[in-house]
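> below are the sequence and a predicted model; questions follow.
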Amino acid sequence: MKSIRSIQTSDAKLTMAHMYVAFAALFVGASCGLLQTLERSGKFTLPFGIGYYQILTVHGVVLGLVLTTFFILGFMLAAQSKTTGGYNSFERKTGWIGFWMMTAGVILTTIFILLNEASVLYTFYAPLMAHPGFYIGLTLVIIGSWIVGFIIFKRHARWRKENKGERTPLLSYMAVITMLMWQIATLGVAATVLLQFIPWSLGFTDSIDVLVSRTLFWYFGHPLVYFWLLPAYMMWYAIMPKIIGGKIFSDSLARLSFILLLLFSIPVGFHHQLTEPGIDPFWKYIQVVLTFLVVIPSLMTAFSLFATFEARGRELGGKGLFGWVKKMPWKDVRFLAPFIGMVWFIPGGAGGIINASNQMNQVVHNTIWVTGHFHLTAATSVMLTFFGIAYWLIPSVTGRKLTAKMNKWGIIQTAVWSVGMAIMSGAMHWQGLLGGPRRSAYSEYAGNADTAAWGSYQVAQAVGGSILFIGMIIMLVVFINLAFFAPKGKQEFPIAEVSESSGTTPKVLENWKLWIGVTVALILFAYTIPFIDIIQNAPPGSPGFKLW
């Protein structure tokens, strides 16, 4: 049924290959999340000798790295194919090479986690030492993603060459920014894995510099959050306006917000290391300031999106300050799921400000508050938006239709996911304020009376996790239906037009030499001197430990 697909059949197959891996990862990772919350409640013991930290590692790696990366790349490939006219044979073959390299890396990494040879959590902090295969698998995933990123860059450059003087497609532009951030950020984790972890785990070196490895990880770890978030912004900016029948409020503002997120999301890793000794407090302060600058494009986004919603609502007859709210298509899951994700981002973003503030970070840093925050931003705002994308993207590229029944199940799934996350994340936040630790299995902590109240919060987390598991099952049922069983038809691939009042987009926003140069300059400013200081004043390296 090639004629009813929204993008070229060959490009659709590449997109769906990524989606199959992503939703398989959702099943595996969410299942481990359920087991994890049940174990932590103290009311359940893992069977067959499975270790808590083993499933915690699977949960973090599979959901935080595999699900997100594969979904994002599949979505961006489809969006760029749709807006630029498709990939040529070389670009498509290169994309498949990247896909299979990533998939091989995922399989290799997962094998060693399941063999209990790599229960080091998704941050894989040294001096915990995993099997070399774990690190080699991660390397393959990163290199494969670079290859896919290369074809996104190449296709955008080819479009510019073929359409000189014209404004580039917004979704393609956003995909380039997203992958540019990913390519620059993953240099840090690639460096620590290739130069430190692999030689160390193979026995070529006796010790590892723990502070250097953590600094390189968090150079990558924070922009990773924005790598997850930017595709959600793509949906919010360029697709949701079409779903509600409106237009993009400002093309310039959308592009500028992506540029600012690129500039300010990478040189901020030290705010994850505020309690880490060996880093000069001045440089921590600098990176905290840079962290708060990320608020600017976030507020720009909120202004632009709600301006779009209000303008469309008033076109439909909405009166008064909030009359537009009644005019939104609340019964369309393509709108509802990402909108609810957007709303969840408000408390999630507020928690991020707390985490990045030096004094308040001391209170919550090693508590499960941080885990609750992470689940609000990534597992709620981002994932609900990704689900909202899937409801139209999957049938669009498979030549099928989102039926009224699947739309209804999608609305139920959104509600179930939101309720489950409200219970689980809320309990995590509250327990964190009471001092409950993160990265830990259930413990009575020697019967300490101060920790007696933790049990009820951990039970609440198990309840919320169970509800989330139900939400995951519903989502998988919908995905399988849309991919294989929904009736054939032409599903809209919604891409909004820019409002006539948007104005002319400045060409400087696509001066890649300028923005890449500024990004590199900020990174060098934020990291060069403190990194030299870390190396010059390094403590003795550590041997590897296996504590599981």
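Right, received. Where do you want to start? Numbering: from 1, shown residues only.

> contacts, neighbours, all on C-alpha from now
Noted.

> my guess is residue 277 is in a strand, correct?
No. Judged by DSSP: H, G, I helix; E, B strand; the rest coil, residue 277 forms no part of a strand; its state is coil.

> gap between it and residue 212?
12 Å (Cα to Cα, to the nearest Å).

> neighbour-wise, which of those two wins?
residue 212 (17 against 9; other Cα atoms under 10 Å).

> can you tell me the element that one falls in?
helix 210-234 (DSSP states H and E).

> beyond that helix, next helix or strand please.
helix 240-243.

> packing partners for that following helix?
Under the contact criterion of 3 or more Cα pairs under 8 Å, 6 or more residues apart in numbering; DSSP states H and E, helix 240-243 touches helix 333-356.

> helices or strands up against the helix holding residue 212?
helix 68-84, helix 170-192, helix 251-265, helix 512-536.

> and these: which comes nearest residue 543?
helix 170-192 (15.7 Å; Cα to Cα).

> mind listing what's buried along the closest one?
Across helix 170-192, burial judged by 16 or more other Cα atoms under 10 Å covers 170-190, 192.

> how far does the helix or strand following that helix sit from its chain's centre?
Counting by DSSP H and E, the next helix or strand C-terminal to helix 170-192 is helix 198-201. Centroid separation between helix 198-201 and its chain, computed with Cα atoms, centre = their mean, to the nearest Å, is 28 Å.

> heads up, I number from 37, so please use that
Yep, numbering from 37; the last one is helix 234-237 now.

> output helix 234-237 as PDB, nothing but the C-alphas.
Extracted as PDB, the C-alpha positions of helix 234-237 are listed here (Å, rounded to 0.1, in the frame of the first residue of the first chain):
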ATOM      1  CA  ILE A 234      37.400  -0.400  28.500                       C
ATOM      2  CA  PRO A 235      41.200  -0.500  29.100                       C
ATOM      3  CA  TRP A 236      40.500  -0.700  32.900                       C
ATOM      4  CA  SER A 237      37.900  -3.500  32.600                       C
END
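
> which secondary structure elements does it contact?
helix 168-198.

> return the helix or strand in this protein with minimum mean pLDDT.
helix 394-400 (a mean of 89; mean pLDDT, DSSP states H and E).

> ok, residues contacting the very next helix or strand once past it?
The helix or strand immediately downstream of helix 394-400 is helix 404-412, counting by DSSP H and E. With Cα atoms under 8 Å, 6 or more residues apart in numbering as the test, helix 404-412 has contacts from 380-381, 383-384, 387-388, 391, 400, 457, 460-469, 471-475.

> so where's the stretch 437-584 of the chain shaky on pLDDT?
Low-confidence segments of the stretch 437-584 of the chain (pLDDT under 70): 479-489.

> just the strands in it please.
With strands called from DSSP state E, counting those that start in this stretch, the stretch 437-584 of the chain shows none.

> and the helices in it, which stretches?
Secondary structure of the stretch 437-584 of the chain (DSSP state H, counting those that start in this stretch): helices located at 440-469, 490-516, 548-572.

> who wins for proximity to residue 125 among the ones you listed?
Nearest of these to residue 125, taken as Cα to Cα: helix 548-572 at 25.9 Å.

> hmm, back to that, helix 369-392 and the helix holding residue 248, what's the angle between them?
Interaxial angle of helix 246-270 relative to helix 369-392 (axes from the mean of the first three to the mean of the last three Cα atoms, to 10 degrees): 150 degrees.

> how far is helix 246-270 from where the chain is centred?
9 Å.

> relative to helix 404-412, how tilted is it?
Taking the same axes, to 10 degrees, one finds that helix 246-270 is oriented at 30 degrees with respect to helix 404-412.

> got the angle between helix 246-270 and helix 548-572?
150 degrees.

> hang on, the earlier thing: tell me which of the helices and strands packed on helix 246-270 sits most buried.
Burial of those is given as mean neighbour count (mean count of other Cα atoms under 10 Å); helix 104-120 ranks first at a mean of 24.

> what average pLDDT does that one get?
Averaging pLDDT along helix 104-120 gives 97.

> who touches the residue nearest to residue 94 when sequence neighbours are not counted in this structure?
Excluding its sequence neighbours, the residue lying closest to residue 94 (Cα to Cα, 6 or more residues apart in numbering) is residue 65, at 6.4 Å. Residue 65 sits next to 94, 95, 96, 98, 99 when contact means Cα under 8 Å, 6+ apart.

> with these in mind, which one is nearest to residue 293?
Using Cα to Cα, these come closest to residue 293 at residue 99, 26.5 Å.

> what about the nearest residue to that closest one once chain neighbours are set aside, helix or strand, and which?
Nearest in space to residue 99, with sequence neighbours left out and distances taken as Cα to Cα, 6+ apart, is residue 65 at 5.4 Å. Per DSSP H and E: residue 65 is located in helix 45-76.

> buried ones in that helix?
45, 47-59, 61-76.

> do the same with stretch 189-201
For stretch 189-201, burial by neighbour count (16+ other Cα under 10 Å) applies to 189, 191, 192, 195, 196.

> using CSV, write out every CA atom in that stretch.
Extracted in CSV, the C-alpha atoms of stretch 189-201 (Å, rounded to 0.1, in the frame of the first residue of the first chain):
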residue,chain,number,x,y,z
PHE,A,189,23.0,16.5,8.8
LYS,A,190,23.6,15.4,5.2
ARG,A,191,20.0,15.5,4.2
HIS,A,192,19.5,18.9,5.7
ALA,A,193,22.6,20.2,3.9
ARG,A,194,21.4,18.7,0.6
TRP,A,195,18.0,20.4,1.0
ARG,A,196,19.7,23.8,1.5
LYS,A,197,21.9,23.2,-1.6
GLU,A,198,18.8,22.3,-3.7
ASN,A,199,16.7,25.1,-2.4
LYS,A,200,19.1,28.1,-2.0
GLY,A,201,17.7,31.1,-0.4
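
> quick one: that stretch to chain centroid distance?
27 Å.

> and for that stretch, what are the contacting residues?
With Cα under 8 Å, 6+ apart as the test, stretch 189-201 has contacts from 120, 123, 127, 202, 204, 208, 209, 212.

> out of those, which one has the lowest pLDDT?
pLDDT across those is lowest for residue 202, at 92.

> does that residue count as helix, strand or coil?
From three-state DSSP, the assignment for residue 202 is coil.

> is it true that residue 242 lies in a strand?
No. Residue 242 is assigned coil when assessed by three-state DSSP, not a strand.

> ok, the spatially closest residue to it that is not a sequence neighbour - how many residues close by?
Computed as Cα to Cα, 6+ apart, the closest residue to residue 242 that is not its neighbour in sequence is residue 579, at 6.0 Å. Close neighbours of residue 579, defined as other Cα under 10 Å, add up to 17.

> same check on residue 159?
13.

> how about it, secondary structure?
coil.

> and it, what does it touch?
Residues in contact with residue 159 (Cα under 8 Å, 6+ apart) are residue 253.

> backbone dihedrals for it, both of them.
phi -80, psi -10 (degrees, to the nearest 10).
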